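Colleague: need a 3D model of the following:
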Amino acid sequence: MGLQLTRGGEYAVRAMTYLARFPQGHVASLHDIGQAQDIPESFLAKILQSLVRSGFAVSQRGAHGGFALARPA
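Modeller: Numbering: from 1, shown residues only. As a prediction, the model looks like this:
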């Protein structure tokens, strides 16, 4: 029987795994994450907002903004 995740849960794990590949403080854009992990950007935006509210990720606004892990992987 294995672990079953919702599609949103799977996408959240994939996005966090993608962010964990980079050094602490590296910011990845929504577009880059979505393209690399084949996740629709509109759905990914909602998932990342939830991860930021939960304290797992941080967001940075602006031209060079994006998302990063809140703590070292």
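Colleague: identify the residue nearest the residue nearest to the spatial centre of the chain in space, chain neighbours excluded?
Modeller: Centrality entry for the chain: nearest residue to the mean C-alpha point is Ala15, 3.7 Å, by CA atoms, centre = their mean. Leaving aside its sequence neighbours, Ala15 sits nearest to Ile33 (CB to CB, 6 or more residues apart in numbering; 5.5 Å). (Glycine included, C-beta is placed from N, CA and C.)
Colleague: what helices or strands is the helix or strand the one you found falls within leaning on?
Modeller: Using DSSP states H and E, Ile33 falls within helix 30-37. The contact analysis (3 or more CB pairs under 8 Å, 6 or more residues apart in numbering; DSSP states H and E) places helix 30-37 against helix 7-20, helix 41-54, strand 66-69.
Colleague: can you do 6 Å?
Modeller: helix 7-20, helix 41-54 (3 or more CB pairs under 6 Å, 6 or more residues apart in numbering; DSSP states H and E).
Colleague: which of those helices sits closest to Val27?
Modeller: Among the helices and strands packed on helix 30-37, the nearest to Val27 by CB to CB is helix 7-20 (9.2 Å).
Colleague: okay, buried residues for the closest one please.
Modeller: 11-12, 14-16, 18-19 (16 or more other CB atoms under 10 Å).
Colleague: repeat for stretch 46-60
Modeller: So for stretch 46-60, counting by 16+ other CB under 10 Å, buried means 47-48, 51, 56-58.
Colleague: cool, stretch 25-35 as well?
Modeller: Buried, per 16+ other CB under 10 Å, within stretch 25-35: 27-28, 30, 33-34.
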